[in-house]
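> Below are the sequence and a predicted model for it; my questions follow.
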Amino acid sequence: MVSTLLTRKAGMGERQRTAEARRLFRKIDTNGDGSLTVQEVIDYTLDNYRGDSAEEAAAIRKAFDGFIAADVDKSGSLDEAEFVQYYVKSQA
Ligand SMILES: [Ca+2]
């Protein structure tokens, strides 16, 4: 009984993270072409980290590393599936 509840809860968490990832994807995809470039990811990161320049540099590096890791087919851009998969995994 308890384990069923826990499993259900975990499943819901993943669905929520997937929905969150899709929303975030559309936000970052500023030209709306259905894929994310490094530039779009960096622009989004810069928009969200104002202030400390050392913190900003670290945020950009992290975004860049994340981009490389998420780009499974090494196409140089992220499609929604790649982004969602990476995001859900990184939030787990
Ligand atoms: Ca795009």
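Looks like it arrived, so ask away.
> Counting neighbours, what do you get for Lys27?
Residues lying near Lys27 (other C-beta atoms under 10 Å) number 11. Quick note: C-beta positions are derived from backbone N, CA and C, even for glycine.
> does it count as helix, strand or coil?
Three-state call for Lys27 (DSSP: H, G, I helix; E, B strand; the rest coil): helix.
> Need the pLDDT of it.
Per-residue confidence at Lys27 stands at 97 (pLDDT).
> same question, Asp71
98.
> Report how many residues lie close to it.
Asp71 has 18 neighbouring residues, counting by other C-beta under 10 Å.
> Pretty sure it sits against Ser77.
Yes - counting by C-beta atoms under 8 Å, Ser77 is a contact partner of Asp71 at 7.2 Å.
> Next to the ion, which bits of the chain? Give me the list.
Within the chain, the positions lying close to the ion (C-beta under 5 Å from the ion) are Asp29, Asn31, Asp33.
> are any of these buried, and which?
Among those, those classed as buried by 16 or more other C-beta atoms under 10 Å are Asp29.
> got the buried residues for stretch 15-30?
For stretch 15-30, using 16+ other C-beta under 10 Å, the buried residues are Arg17, Ala21, Phe25, Ile28, Asp29.
> just curious, which of those residues is nearest to the ion?
Asp29 (4.4 Å; C-beta to the ion).
> what sits against the residue nearest to Tyr87 when sequence neighbours are not counted?
Distances taken as C-beta to C-beta, 6 or more residues apart in numbering put Ala21 closest to Tyr87, at 3.8 Å, once the chain neighbours are dropped. Ala21 makes contacts with Phe83, Val84, Tyr87, Val88, as judged by C-beta atoms under 8 Å, 6 or more residues apart in numbering.
> what ranges of this structure fall below the confidence cut-off?
1-12 (pLDDT under 70).
> In it, mark out all the strands, start to finish.
35-37, 77-79 (DSSP state E).
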